[in-house]
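**Student:** predicted structure and sequence below. I'll ask about it afterward.
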Amino acid sequence: MTELPLIGEAVAVAANPRLAGARIGVVTFPGTLDDRDAARAVSLAGATPVALWHADTTLSDVDAVVIPGGFSYGDYLRAGAIARFAPLMSKIIDAANSDAKLPVLGICNGFQILTESHLLPGSMIKNDHLKFMCRDQVLRVENNSTAWTGDYAAGQEITVPLKNQDGQYIADEKTLDALEAEGRVVFRYVGFNPNGSRRDIAGISNAAGNVVGLMPHPEHAVEPGFGPASLDGIGGSDTDGLGFFTSVLNKIVGGAK
């Protein structure tokens, strides 16, 4: 991954020099759109982004993985259905389910891939209004004990961009009840449900909390002057999304690494 220049006065926020040694893999599939944005967010958080190609057969000794948004394989069949069978996904699935519990974040199409891979339950279907939706979206942090949310406060509201057409999260009532009871609903839409997701769910985790998927895009809210707060009438902060990436770095540093 080539070094990405920072804009204006934006600088990496890492105060602990150990964070610079963390390696966060960013996966690219044919049709991925937001891999560069995710890599930039990793850099701004203070870690080293590592480019991972869908056909790779190794995870290149990364400490965590981000599966970014886009339209992998053109969303043919179902969004994420083909990407799930990429050689690299078998490595990610094994590492996420291993004793090491590799942290994995799936954003938008990445969330869809995680459900297709059965790393997360449920499925994603077309928005209930059958239109592509692009807006700044308020989310409430329901669970701040996952590998990707530790730098947020429980109940905190953040604003990050959302853009999807297959963003409606669905699951049977038994699964939804289990997610609620086990605290695995990580994010919920506030004020407006943009896609008809069941119970206003915007993001969920696996039981261990190392795998998180969400539809909105935190990697698009990591720099002052270039996020939601720069728009009139929109609350929150331009950098509300940066906490995802600093959270996992602090989780890595606080662990065995």
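**Tutor:** Sure thing, it's come through. These figures come from a predicted structure and were not determined experimentally.
**Student:** how about the helices of the stretch 101-250 of the chain, start to end?
**Tutor:** Residue ranges of the helices in the stretch 101-250 of the chain, as given by DSSP state H, counting those that start in this stretch, are 109-116, 173-181, 242-254.
**Student:** surely V253 meets A22?
**Tutor:** Yes: contact between V253 and A22 holds when scored by CB atoms under 8 Å: they sit 7.1 Å apart. (Glycine included, C-beta is placed from N, CA and C.)
**Student:** okay, those two: which has more neighbours?
**Tutor:** Set side by side, V253 and A22 give different neighbour counts by other CB atoms under 10 Å, the larger being at A22 (24 against 16).
**Student:** any idea of the pLDDT on that one?
**Tutor:** Per-residue confidence (pLDDT) for A22: 91.
**Student:** which of the helices of the stretch 101-250 of the chain sits most buried?
**Tutor:** Among the helices of the stretch 101-250 of the chain, ranked by average contacts under mean count of other CB atoms under 10 Å, first place goes to helix 109-116 (a mean of 28).
**Student:** of all the helices of the stretch 101-250 of the chain, which one is nearest T149?
**Tutor:** helix 242-254 (5.6 Å; CB to CB).
**Student:** and the nearest residue to A45 once chain neighbours are set aside, how far is that from A147?
**Tutor:** Excluding its sequence neighbours, the residue lying closest to A45 (CB to CB, 6 or more residues apart in numbering) is F245, at 3.6 Å. Separation of F245 from A147 (CB to CB, to the nearest Å) stands at 11 Å.
**Student:** quick check: the gap between D94 and D128.
**Tutor:** The value you get for D94 to D128, if CB to CB is used, is 35 Å.
**Student:** sec struct for R84, please.
**Tutor:** Of the three states, R84 takes helix under DSSP: H, G, I helix; E, B strand; the rest coil.
**Student:** so who does the residue nearest to it when sequence neighbours are not counted touch?
**Tutor:** What sits nearest to R84 in space, not counting adjacent residues and going by CB to CB, 6+ apart, is E116, at 4.0 Å. Neighbour list for E116: R78, G80, A81, A83, R84, S123 [criterion: CB atoms under 8 Å, 6 or more residues apart in numbering].
**Student:** repeat that with 7 Å
**Tutor:** Taking CB atoms under 7 Å, 6 or more residues apart in numbering as the criterion, E116 is in contact with G80, A81, R84.
**Student:** check W53 too.
**Tutor:** The contact partners of W53, by CB under 7 Å, 6+ apart, come to T28.
**Student:** mind doing that once more with 10 Å?
**Tutor:** By CB atoms under 10 Å, 6 or more residues apart in numbering, the contact set of W53 is V27, T28, F29, P30, A86, P87, L88.
**Student:** cool, S90 as well?
**Tutor:** Taking CB under 10 Å, 6+ apart, we find S90 in contact with T57, R84, S117.
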